[in-house]
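J.: model this:
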Amino acid sequence: MLLRLLPFLLRLLSSLPTAVLFFYTQTRVGRRGKPFKMIKFRSMVVNADKMKAELAKETGQDGCFIFKMKDDPRVTKVGKFIRKFSIDEFPQFLNVLKGDMSVVGPRPPLPEEVAQYNQTYATRMLVKPGITGPWQVSGRSNLSKEESESLDVSYVQSWSVLGDIVLLFRTVGAVVTHKGAY
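T.: Numbers count the residues shown, from 1 in each chain. Take a look at the predicted model:
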């Protein structure tokens, strides 16, 4: 019953005025290249997506694989807190219930990131993206492109239930220490 209502609730939340919207939805790419709307608690100002290109150019990250800034001016004060403790990720459990994501898996990529994948890295698209995974517990934003790619491909190639359980326990440590969280 809840699963049948989920698409309706997501559409309803997305249609609310942004001033009262606590949620942020963004198109991400899931298993086998299927696009979906990922939901998070809003941690940035409303026009953050429009500001991204200008900030990327200013910081020399224009055209980079993943755009990240330590002191990103788009992040609100509340956003800094909820990001530090990964609270902004909780609504993604709705994506898990809907079937677009898994609890554990590679980070959900943006369409422009997928467009840059080489054939080896594209193997990460064989599994559902996760709320947590190797990227989140191994340094998050502190990782290089190559390190992120290696972790994702290795995850897909050596997936196991036990491996996912280990990643869940490591997630607790990553959230508590805030390593790479910004």
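J.: quick one: contacts for residue 31?
T.: By C-beta atoms under 8 Å, 6 or more residues apart in numbering, the contact list for residue 31 reads 125-129. Quick note: C-beta positions are derived from backbone N, CA and C, even for glycine.
J.: how close does it sit to residue 85?
T.: Distance from residue 31 to residue 85, counting by C-beta to C-beta, to the nearest Å: 28 Å.
J.: just to revisit the earlier point, save the contacts of residue 31 as JSON lines, and put in neighbour count too.
T.: Putting those into JSON lines (neighbours: other C-beta atoms under 10 Å) gives the following:
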{"residue": "125", "neighbour count": "20"}
{"residue": "126", "neighbour count": "12"}
{"residue": "127", "neighbour count": "19"}
{"residue": "128", "neighbour count": "21"}
{"residue": "129", "neighbour count": "25"}
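J.: in these, find the pair that's most separated.
T.: 126 and 129 (11.2 Å; C-beta to C-beta).
J.: which strands or helices does the host helix or strand of residue 166 pack on?
T.: Following DSSP states H and E, one finds residue 166 within helix 161-177. Here helix 161-177 touches strand 102-104, strand 130-132, helix 134-137, going by 3 or more C-beta pairs under 8 Å, 6 or more residues apart in numbering; DSSP states H and E.
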